[in-house]
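Enquirer: next input, structure requested:
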Amino acid sequence: MLQPDPVARTALSMLATHPCIRQKLRSELVHNTLRRSPLQHAIFSCDEAMVLQRMRTDAGGRDAQGCTALFLAAQRGMHQLLNLLVGAEADIADSRGRTALMAAAANNRVGCIDRLLPFQHGRQDFDGDTALIYAARFWATDALSLLRTEARLQNKRGETALMVAAASNYVEGVEALLLYEARAQTVEGWTALMCAAVVGATAAVCQLVTVEAGLRNNRGRTALIEAVLCGQMASVHVLAPLEHGAIDAAGRCALMYAASRGHTPAIRILCPLEGDVLDPSGCDYRSYGETDCLL
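Expert: As a prediction, this is how the structure comes out:
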């Protein structure tokens, strides 16, 4: 009996190497791996008739990532299908607690946000993030304007959408949210200005400094002190005129921290402003020049 040649290629295997066929097979493999229902497959093919046909049997089902058909439709911007799905799936989140509104916000799907907002407004995922925070994280500017009703909602760390925008130097996001979320603080007392200052997000620092300068975190530190501790000279330049002279809970000013780290540029900026500040022991910044780095 003849045995098949292990190296021989069949017509089917040769066909599978064609780019179009390979892409189709890859797509099918992804769908099968994620265990998506016929309803969810219909979302990807934008087949409204199939969506209607499968609603009764498949509505409420989730794929391997916990996503519903509504979530997938919102993610892909298929707003014409949302009305068919929202009644059955609006209350279902994915395996991380994320809603379809969050998926729409992250992808700047304005049409979907309009339809989902009445059903999922104010929902938070397992980390406490809202749709507005997702919009800020992914720089979805159009979505921000639609989701302002979620302003000042904070996640489990106490972060707002403004803080998320500030930390990534997202200028348009900071501008859109500043009026609504300025001066909010995290669980540890951090502000959006501090979040921007420690990463050198200079444009955001300039936007925030006039409204949040002088606020302190739970360790009594200002954005200027935190910027010095992180070696962010651009932030120090902007913050020094408005926050110099502040003393933290340990009795130290920004200049003392700069001296302890040997940050000569920061010392040059701060010395004329804080050179006469004394710590609780009566020492000025020069006493910190030879000490170990202070935290």
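
Enquirer: every contact and neighbour count from this point should use C-alpha atoms.
Expert: Noted.

Enquirer: from the contact counts, what lies against the helix or strand hosting Ile225?
Expert: Using DSSP states H and E, Ile225 sits within helix 223-229. With contacts taken as 3 or more Cα pairs under 8 Å, 6 or more residues apart in numbering; DSSP states H and E, helix 223-229 sits against helix 192-197, helix 233-243, helix 254-261.

Enquirer: could I get those as CSV with mean neighbour count and mean pLDDT?
Expert: What follows is the helices and strands packed on helix 223-229, written out as CSV (neighbours: other Cα atoms under 10 Å; pLDDT from 0 to 100):
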stretch, mean neighbour count, mean pLDDT
helix 192-197, 30, 99
helix 233-243, 20, 99
helix 254-261, 26, 96
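
Enquirer: and those helices as CSV, adding distance to Arg137?
Expert: Rendered in CSV, the data for these read as follows (distance: least, Cα to Cα, whole Å):
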stretch, distance to Arg137
helix 192-197, 13
helix 233-243, 21
helix 254-261, 30
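
Enquirer: hmm, back to that, give me the contact list for the helix holding Ile225.
Expert: Defining contact as Cα atoms under 8 Å, 6 or more residues apart in numbering, one finds that helix 223-229 is touched by 193-194, 197-198, 200, 213-216, 233, 235-236, 239-240, 243-244, 253-254, 257-258, 266, 295.

Enquirer: give me the mean pLDDT for that helix.
Expert: Confidence for helix 223-229, expressed as mean pLDDT, is 99.

Enquirer: and it, C-alpha only, in CSV?
Expert: The C-alpha atoms that make up helix 223-229 are tabulated as CSV, following Å, rounded to 0.1, in the frame of the first residue of the first chain:
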residue,chain,number,x,y,z
ALA,A,223,3.6,69.5,42.6
LEU,A,224,6.9,71.4,42.7
ILE,A,225,8.4,69.1,45.4
GLU,A,226,7.3,66.0,43.5
ALA,A,227,8.7,67.3,40.3
VAL,A,228,12.1,67.9,42.0
LEU,A,229,12.0,64.4,43.4
